[in-house]
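> when you get a sec, could you give me coordinates for this:
(one chain, ligands or ions: 1)
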Amino acid sequence: MATIPAGLDLVALDAERLRDVLELDMWAFPTGDDIEEMLKIPNPLSWDRTFGLADPSDGGRLVGLHASYPFARCPVPGGRLPVAGLTWVGVHPQWRRRGLLSAMIDVHFAHCRDRGEPLSLLTASEPAIYGRFGYGLSTRKAGLTLRRGAALRDVPGADELSVVFETATAARHGELVARLHGSVERPGWVTRESAELQRYWMSDSPVFRGGAEAQRILVAERDGEPVGYALFRRKGAWDESGSKGSAHVQEYVAADAAVARAIWGRLLDLDLVVEVTVGQLPLDDPLFLQLVDVRAARPSWQDNTWARIIDLPAALVGRRYQADLDVVLELSDARLPGNAGRWRLSAAAFDVPTVERTSSPADLALDIRELGSAYLGGFSLAGLAAAGLVAELVPGTLARASVAFGWPVGPGSSWIF
Ligand SMILES: CC(C)(COP(=O)(O)OP(=O)(O)OC[C@H]1O[C@@H](n2cnc3c(N)ncnc32)[C@H](O)[C@@H]1OP(=O)(O)O)[C@@H](O)C(=O)NCCC(=O)NCCS
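Residues are numbered from 1 along each chain as shown. Prediction:
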């Protein structure tokens with residue numbers, strides 16, 4: 001178990017301490033929002049997965065905090081796995097750089113093991129923080145800034161869909177959003193499985209609006225059945241030349257290509273809106289190919305989720321491989337040495353693999369961080385090797401393993417947690 005910094009206690013937190021949690025969070029993440037307003041927002045935390053470091057010499061004041069979201073059915077290539085979404089990580093500025101985060105990471109890893117979660121994902125406030133703990137960059141996200149009327153290619157069936165615009169509320173749309181979002185099979189597509197997260201996501205507090213309107217939803221229907229949605233907000237603006245309104249699409253889900261085409265066709269034709277932004281698309285989102293002129297949409301990309309393999313054999317057995325594979329991996333893992341050493345991974349394409357310890361010579365050598373990057377299929381082992389992060393010990397094994405570790409659908413997550 002973790003070494004807690006001297007003078008501090010590890011404490012389990014509960015709803016009674018919500019104000020303390022928010023106060024510490026506001027020290028970690030500066031905001032102009034009023035804590036009384038923040039207290040009104042349904043809290044997304046799962047309290048049985050929320051822990052603090054408290055200073056007993058200061059009345060038990062909370063100085064460190066971390067939590068995890070339960071993603072019990074997180075899509076990975078070819079399957080679903082229980083994953084812990086590390087979140088709400090914060091240390092009071094007075095206590096920073098004294099090892100609090102390091103201790104909390106060890107606590108988190110121990111809890112993941114106890115709960116049988118072989119993988120942890122997170123979205124990072126700063127990309128430089130988590131690599132040292134064995135988290136590898138596993139997915140990227142793309143943003144687009146689209147002008148009104150941006151042309152889309154035709155997709156058969158798109159015109160047959162009907163589209164409904166409404167104000168998004170938990171009561172009316174919570175179940176629909178949770179269901180459609182949870183049915184996406186893209187690796188890394190964590191969904192809001194807990195009731196707390198679902199309530200939070202649909203709460204539409206004025207704190208989240210930033211001067212924009214209430215949360216709107218566009219629901220696409222086929223034969224009266226919802227098959228996709230987009231959550232978005234518009235913001236009105238005017239200058240001497242007229243309307244300069246904008247819309248921001250927070251998230252969209254489409255069951256198929258025609259639904260995506262129908263949703264974007266409507267989002268790109270909103271009255272008084274000259275610009276539409278979206279910031280959280282997977283790199284292979286269909287919108288990139290449906291746009292006639294993607295360059296005009298000013299694409300950009302950023303790091304998205306980071307993956308940490310907690311239990312190597314369980315994680316490797318928990319996904320499928322898209323080509324036959326028989327490879328010996330030599331792993332280093334300073335923080336979880338139980339993962340280190342040589343492992344033989346054998347798999348027939350798209351079938352259940354086997355993973356076992358071996359004394360055979362290794363084909364590839366890498367750190368657990370790099371395996372985290374390759375795990376969801378977003379970064380190839382060959383790409384990691386090109387950056388000097390994977391060593392090919394037996395010629396020819398890198399290409400074969402790279403193909404096997406890939407996946408037809410790229411990884412992505414539609415929201416920041
Ligand atoms: C990021 C944060 C949690 C780090 O906590 P901390 O208790 O200061 O971290 P630790 O003392 O355990 O540092 C562990 C190591 O990580 C490094 N580190 C910590 N924060 C870092 C950062 N922001 N960037 C780069 N390295 C960082 C430390 O230098 C230290 O390195 P070392 O082992 O080589 O000495 C804290 O600074 C914080 O609350 N920041 C604001 C909120 C935030 O960004 N939270 C993360 C949300 S994803």
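
> so which bits of this protein are right by the ligand?
Applying C-beta under 6 Å from any ligand atom, we find that the chain lies next to the ligand at 28-29, 89-91, 96-102, 124-126, 128-129, 132. In short, each C-beta sits where N, CA and C put it, glycine included.

> narrow those residues to those that are buried.
28, 89-91, 98-101, 124 (16 or more other C-beta atoms under 10 Å).

> what about the stretch 301-417 of the chain, any weak spots by pLDDT?
The model of the stretch 301-417 of the chain has no residue with pLDDT under 70.

> closest residue of it to the ligand?
Closest residue of the stretch 301-417 of the chain to the ligand, C-beta to the nearest ligand atom: residue 306 (9.1 Å).

> my guess is that residue is in a helix, correct?
No. Going by DSSP: H, G, I helix; E, B strand; the rest coil, the assignment for residue 306 is strand, not a helix.

> what's the closest non-adjacent residue to it?
residue 135 (4.0 Å; C-beta to C-beta, 6 or more residues apart in numbering).

> and what of residue 227?
Distance criterion C-beta to C-beta, 6+ apart; nearest residue to residue 227, sequence neighbours excluded, is residue 255 at 4.2 Å.

> could you find the closest non-adjacent residue to the residue of the stretch 151-300 of the chain found nearest the ligand?
Per C-beta to the nearest ligand atom, residue 190 is where the stretch 151-300 of the chain lies closest to the ligand, at 15.0 Å. Distances taken as C-beta to C-beta, 6+ apart put residue 71 closest to residue 190, at 4.5 Å, once the chain neighbours are dropped.

> quick check: residue 342 touching residue 356?
No. With contact defined as C-beta atoms under 8 Å, residue 342 does not count as touching residue 356 (9.9 Å).

> these two: who's more crowded?
residue 342 (17 against 11; other C-beta atoms under 10 Å).

> in the sheet, who's paired with that one?
residue 330 (DSSP bridges).

> look up how far residue 312 lies from it.
Shown here: residue 342 relative to residue 312, a distance of 11 Å by C-beta to C-beta, to the nearest Å.

> and what of residue 374?
13 Å.

> helices of the stretch 51-200 of the chain, start to end?
Under the criterion DSSP state H, counting those that start in this stretch, helices of the stretch 51-200 of the chain are mapped to 100-115, 170-182, 195-201.

> quick one: closest of those helices to residue 219.
The closest of these to residue 219 is helix 170-182. By C-beta to C-beta, the value is 6.9 Å.

> where does pLDDT dip in this structure?
Across the chain, the ranges flagged by pLDDT under 70 are 1.

> domains of it?
Split into domains by automatic domain parsing, the chain comes to 9-138, 142-168+204-303, 311-405.

> any chance of the ones you listed in TSV, plus distance to residue 413?
Compiled in TSV, the domains of the chain are given as follows (distance: least, C-beta to C-beta, whole Å):
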stretch	distance to residue 413
domain 9-138	7
domain 142-168+204-303	7
domain 311-405	10
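
> out of the ones you listed, which gets nearest to residue 415?
Per C-beta to C-beta, nearest to residue 415 of the domains of the chain: domain 142-168+204-303, 6.1 Å.

> for that closest one, measure first residue to last.
End-to-end distance for domain 142-168+204-303, by C-alpha to C-alpha, to the nearest Å: 9 Å.

> got a list of what residue 334 touches?
By C-beta atoms under 8 Å, 6 or more residues apart in numbering, the residues touching residue 334 are residue 134.

> what strand or helix carries it?
Here residue 334 is covered by no helix or strand, with elements defined by DSSP states H and E.

> on that earlier part again, out of the residues of the chain next to the ligand, which are inside strands?
89-91 (DSSP state E).

> longest strand in this structure, by residue count?
strand 61-76.

> buried stuff in that one?
For strand 61-76, using 16+ other C-beta under 10 Å, the buried residues are 61-71, 74-76.

> what of stretch 199-213?
Those would be 199-204, 212, for stretch 199-213 by 16+ other C-beta under 10 Å.

> same check on stretch 78-96?
Within stretch 78-96, the residues that count as buried by 16+ other C-beta under 10 Å are 78, 81-92, 95.

> in the sheet, who's paired with residue 239?
Those that pair with residue 239 in a beta bridge, by DSSP bridges, are residue 242.

> next, count neighbours for it.
Taking other C-beta under 10 Å as the criterion, the count of residues near residue 239 is 7.

> now do residue 151
11.

> skipping adjacent residues, who's closest to it in space?
Residue 151's closest residue in space is residue 292 (C-beta to C-beta, 6+ apart), at 4.0 Å.

> list the contacts of that neighbour.
Residue 292 neighbours (C-beta under 8 Å, 6+ apart): 150-153.

> beta partners for the closest residue to residue 209 other than its chain neighbours?
Closest residue in space to residue 209, ignoring its immediate chain neighbours: residue 233 at 6.8 Å, by C-beta to C-beta, 6+ apart. Per DSSP bridges, the residues bridged to residue 233 are residue 248.
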